[in-house]
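> could you look at this predicted model? Sequence included:
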Amino acid sequence: MNNLRLWHKFLETIKPQVGPDNFKAYFLKTLLKSSSEGLIVLSTPSAFIKENLNQRFGVIIKQAFEKLLGQSVRLEFIVKEVETKTEEADEDFFRPIQTSSLLNPRYTLANFVVGSSNNVAYAAAQAVVQNPGSSYNPLFLYGGTGVGKTHLMLGIGNAILAGKKRLKITYCSSEKFLNDYVTAIQERKMADFRAKSRSCDVLLIDDIQFFSGREGLQEEFFHTFNELQAKNSQMVLTSDRTPQEIAKLEDRLKSRFAGGLMIDIQSPDFDTRVAILQAKCAEQGTVLPEDSLKLIASSLESNIRELEGKLVQIIQGLKAQNLPASSEHVSKFLGRPLRKSLAINHKQLLSAICSYFNVTLKELAGPRRQKELVLPRHLAMYILSEELNFTVEKIGQVLGGRDHTTVMHGRDKIKKLVDTDIEVQKILLKVKQKAILSTN
Ligand code: ADP
Ligand code: MG
């Protein structure tokens, strides 16, 4: 595959995973510089984009290339000027929102699923909507990637927009704020910039951790902040960490940011993940059985964006192959990453094997060598090695103190069968499903 083709394939894969906005902002402006011997070099138009790609999307970029190339890869990012002109570049400075189209209407408080990881943040969001500027100012939401910070912030914006008061809402990413600021300096339009950034009733700034190290910008924003606060304009800020943890952020900003209400959004627990998947299915007009949703929910712990990406992939995959949405088919589409991120332990795997073959753990790990016990035992050796990366010694231990050569023999026997024997493939799949479902 040549580089261009590879890059196109990559973009196709990554688009549903990162969503159209990120896709446009980060991936369309980036190019694949080279790919050889497992080293992928991506050429980005700015240090900002480089950082974002690396920090926010590094893992999924790597996974996508590994899947496409069938080998493990390393990533390297370089900064290079490429043609980056988009419609956005022609836009004015960020402008207050007159229509709801600039605030992505997809993200509302109504379709934000509330669970134990985010209910405090949600309650704060409601309070802000009811009394913008007076209850919590600023509202500072922080948490890991893909836990719903942007969604909640835009939900606030949309709810205020839908309310009776005609408030001027400005939403922008830190990147946009920074770009507009830089442009304003270059074009000597600071007065315009200030007028615009300080005239709103509600200011929403996403991913404020990117203000780090930008001294001029911080100075400017400090005054914006003070002015907005003085006239009771509501500010909502998001960040992937607390103000204190943002490096190279002026102390006075740290204390301002922390001076309102600071709330973290945590990674959603299992039940919330299932509920979110259910909601996303409903949005798409699809219904997946609960077992399947549970499987998907157990494949990823923290990042809802990736969870959603996976869901979309699976739905598309099932449709393309005209398959029913059974947990069996779903687990096929979940593929390798599922196993790596699964928190199944060897006991769950072994008891899944036992219950599948209707034998006891004592028998499985015991000394007897009847036919009914040999296959389950070999499968156990294989699964523990493949799924949990257990060493042969360790496998020997958990299977009643067997010798490591015996384990190697059993494991390799199944390894050979797996590629050709559909029955064995089916059994493996069923056993894994059982183990996964028993974790939750
Ligand atoms: P963050 O800004 O924290 O990185 P986002 O707000 O962009 O994360 O959320 C990532 C994706 O997950 C979005 O598509 C969003 O709609 C979805 N999402 C996150 N939390 C929830 C939730 N509680 N309910 C419904 N969807 C959610
Ligand atoms: Mg975000």
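Arrived safely. Ligands and ions are numbered 1, 2, ... in the order given.
> for ligand 2, what's its nearest residue on the stretch 1-150 of the chain.
Going by Cβ to the ion, ligand 2 is nearest to T150 of the stretch 1-150 of the chain, at 3.2 Å. Any C-beta I mention is one placed from the backbone N, CA and C, and that applies to glycine too.
> contacts only, for that residue.
Contacts for T150 (Cβ atoms under 8 Å, 6 or more residues apart in numbering) come out as 107, 206, 238.
> any chance of those residues in TSV, plus pLDDT and neighbour count?
As requested, these are arranged in TSV below (pLDDT from 0 to 100; neighbours: other Cβ atoms under 10 Å):
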residue	pLDDT	neighbour count
Y107	91	19
D206	95	21
T238	98	24
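> quick revisit: is it fair to say the residue of the stretch 1-150 of the chain closest to ligand 2 lies in a helix?
Yes. According to DSSP: H, G, I helix; E, B strand; the rest coil, T150 belongs to a helix.
> tell me where the model's unsure across the stretch 51-200 of the chain.
Scanning the stretch 51-200 of the chain for pLDDT under 70 picks out 81-102.
> would you map the strands across this structure?
31-36, 39-44, 74-79, 139-142, 169-173, 202-206, 234-239, 261-264 (DSSP state E).
> packing partners of the first one?
Packing contacts for strand 31-36, counted by 3 or more Cβ pairs under 8 Å, 6 or more residues apart in numbering; DSSP states H and E, involve helix 3-22, strand 39-44.
> so is the first one next to ligand 2?
Same thing as helix 3-22. No. For helix 3-22, no contact with ligand 2 is found by Cβ under 5 Å from the ion; the gap never falls below 8.8 Å.
> in that helix, what's buried?
By neighbour count on 16 or more other Cβ atoms under 10 Å, the buried set for helix 3-22 is 6-7, 9-10, 13-19, 22.
> likewise for stretch 144-154?
145-154.
> what is the burial count for the residue of the stretch 301-440 of the chain found nearest ligand 2?
Among all residues of the stretch 301-440 of the chain, R305 sits closest to ligand 2, at 8.5 Å; criterion: Cβ to the ion. Using other Cβ atoms under 10 Å, R305 is surrounded by 21 other residues.
> what's the answer for I156, then?
Neighbour number of I156 under other Cβ under 10 Å is 29.
> again with the one 3 residues further on
Counted with other Cβ under 10 Å, the burial measure for A159 works out to 18 neighbours.
> how about the contacts made by it?
Contacts of A159 by Cβ under 8 Å, 6+ apart are 108-109, 125, 129.
> swap in 6 Å and give it another go.
Counting by Cβ atoms under 6 Å, 6 or more residues apart in numbering, A159 makes contact with 109, 129.
> state the distance from it to ligand 2.
Using Cβ to the ion, to the nearest Å, A159 is found at 18 Å from ligand 2.
> shouldn't the residue of the stretch 301-440 of the chain closest to ligand 2 be in contact with G146?
Yes. Applying Cβ atoms under 6 Å as the test, R305 and G146 come out as touching, 3.7 Å apart.
> and the residue of the chain that's closest to ligand 1?
Ligand 1 sits closest to G148 of the chain, with a gap of 2.6 Å, by Cβ to the nearest ligand atom.
> for that residue, grab phi and psi.
Taking degrees, to the nearest 10, you get phi 110, psi 20 for the backbone angles of G148.
> quick one, grab the pLDDT at the nearest residue to L384 once chain neighbours are set aside.
Leaving aside its sequence neighbours, L384 sits nearest to F390 (Cβ to Cβ, 6 or more residues apart in numbering; 4.3 Å). Looking at F390, its pLDDT stands at 89.
> neighbours of F390, how many?
Going by other Cβ under 10 Å, the residues that sit close to F390 add up to 20.
> quick one: contacts for the residue of the stretch 301-440 of the chain closest to ligand 2?
Neighbour list for R305: G146 [criterion: Cβ under 6 Å, 6+ apart].
> 10 Å instead?
17-19, 22, 56-57, 60, 145-148, 150-151 (Cβ atoms under 10 Å, 6 or more residues apart in numbering).
> before we move on, what about L42?
Residues counted as contacts of L42 (Cβ under 10 Å, 6+ apart) are 7, 10, 27, 30-35, 49-50, 53-54, 61, 65, 75-78, 80.
> repeat the analysis, applying 6 Å as the threshold.
30, 77.
> now V120
V120 neighbours (Cβ under 6 Å, 6+ apart): I263.
> likewise for S438?
Q348.
> interface residues of this structure facing ligand 2?
149-150.
> the longest helix anywhere in the chain vs ligand 1: in contact?
Longest helix in the chain, counting residues (DSSP state H): helix 47-69. No. Helix 47-69 does not reach ligand 1 (Cβ under 6 Å from any ligand atom); its nearest approach is 7.7 Å.
> what is that helix packed up against?
helix 3-22, strand 74-79 (3 or more Cβ pairs under 6 Å, 6 or more residues apart in numbering; DSSP states H and E).
> give me that answer again for 7 Å
With contacts taken as 3 or more Cβ pairs under 7 Å, 6 or more residues apart in numbering; DSSP states H and E, helix 47-69 sits against helix 3-22, strand 39-44, strand 74-79.
> picking that back up, of all the buried residues of helix 3-22, which two lie farthest apart?
L6 and G19 (22.0 Å; Cβ to Cβ).
> re the thing from before, of the buried residues of helix 3-22, which is the nearest to Q244?
Nearest to Q244 out of these is N22 (Cβ to Cβ; 27.0 Å).
> what about that closest one, distance to L6?
20 Å (Cβ to Cβ, to the nearest Å).
> check C281 too.
Plainly put, C281 is 32 Å away from L6 if you go by Cβ to Cβ.
> same question, Q266
Going from Q266 to L6 by Cβ to Cβ gives 37 Å.
> also L388?
Counting by Cβ to Cβ, the separation of L388 from L6 is 32 Å.
> in the longest helix of the chain, what counts as buried?
Across helix 47-69, burial judged by 16+ other Cβ under 10 Å covers 48-50, 52-53, 56-57, 60-61, 63-66, 68-69.
> who touches that helix?
6, 9-10, 13-14, 17-18, 26, 29-30, 40, 42, 44, 72-73, 75, 77, 79, 145, 175, 210, 306, 337 (Cβ atoms under 7 Å, 6 or more residues apart in numbering).
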